[in-house]
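give me a model of this one.
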Amino acid sequence: MILYAESSSVLAWLLGEVNADSVQSDLSSAELVIASDLTLVECDRVLHRGTLTGDLSEADAASRRAILSRATAHWILFRLEGEVIERARRPFPIEPIRSLDALHLATALLVRSLVPDLRLLTLDQRVRDNGATLGFELLPE
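Okay, here's the model as predicted:
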């Protein structure tokens, strides 16, 4: 199984939120995980915000960053450039959609052109709705 890991699912796993076990299981059983650089940015921003609001200690945030770093060392990361930007600028089947979600969907579409059996790992309902309409198999189930 090859997955595109969108930020909402990675954050749920990192922060131990609802569905964290399902996401962890999907990530662990994947033969390959693909993500966008955007996922790293979004995860780091949430960890920074968590320390500023007092929801996370500096040590806890550092620990979660280390977990993310170890995991992503084995992932393929796609850059936000060219074809991804052009696709994200165009409409999606279910609008409105936020800019960052459009970038994730555009990246997943590009990856799927290279890996036809790509599955989309996301907990974000807007991304799930568009992903389903675009023909992606969605995880977690």
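
which pLDDT value goes with Thr39?
Model confidence at Thr39, expressed as pLDDT, equals 97.

and Val18, by the same measure?
On the pLDDT scale, Val18 gets 88.

where does the residue in the chain sticking out farthest from the centre land on pLDDT?
Using C-alpha atoms, centre = their mean, the residue of the chain lying farthest from its centre is Gly54. It sits 24.5 Å away. Looking at Gly54, its pLDDT is 96.

just use 33 as the starting number from now, easier for me
Fine by me, first position is 33 from now on; the one you just mentioned is Gly86.

separation between it and Val116?
Between Gly86 and Val116 the computed distance is 35 Å (C-beta to C-beta, to the nearest Å). Where you see a C-beta, it was placed from the backbone N, CA and C, and this is true even at glycine.

which parts of the helix or strand hosting Asp133 are buried?
For Asp133, the host element (DSSP states H and E) is helix 131-146. Residues of helix 131-146 classed as buried: 132-144 (neighbour count, 16 or more other C-beta atoms under 10 Å).

which strands or helices does it pack on?
strand 34-37, strand 64-68, helix 69-85, strand 108-110, helix 114-120, helix 157-165 (3 or more C-beta pairs under 8 Å, 6 or more residues apart in numbering; DSSP states H and E).

and the longest one, what does it pack against?
Using 3+ C-beta pairs under 8 Å, 6+ apart as the contact test, the elements touching helix 69-85 are helix 39-47, helix 90-104, strand 108-110, helix 131-146.

now the angle from it to helix 90-104?
Comparing the axes of helix 69-85 and helix 90-104 via axes from the mean of the first three to the mean of the last three C-alpha atoms, to 10 degrees yields an angle of 170 degrees.

what comes up buried for helix 69-85?
69-72, 74-75, 78-79, 82.

you'd agree Leu142 is up against Val116?
Yes. If you go by C-beta atoms under 8 Å, Leu142 and Val116 touch, sitting 5.7 Å apart.

and for those two, which residues touch both?
By the contact definition C-beta atoms under 8 Å, 6 or more residues apart in numbering, Leu142 and Val116 are jointly contacted by Phe110.
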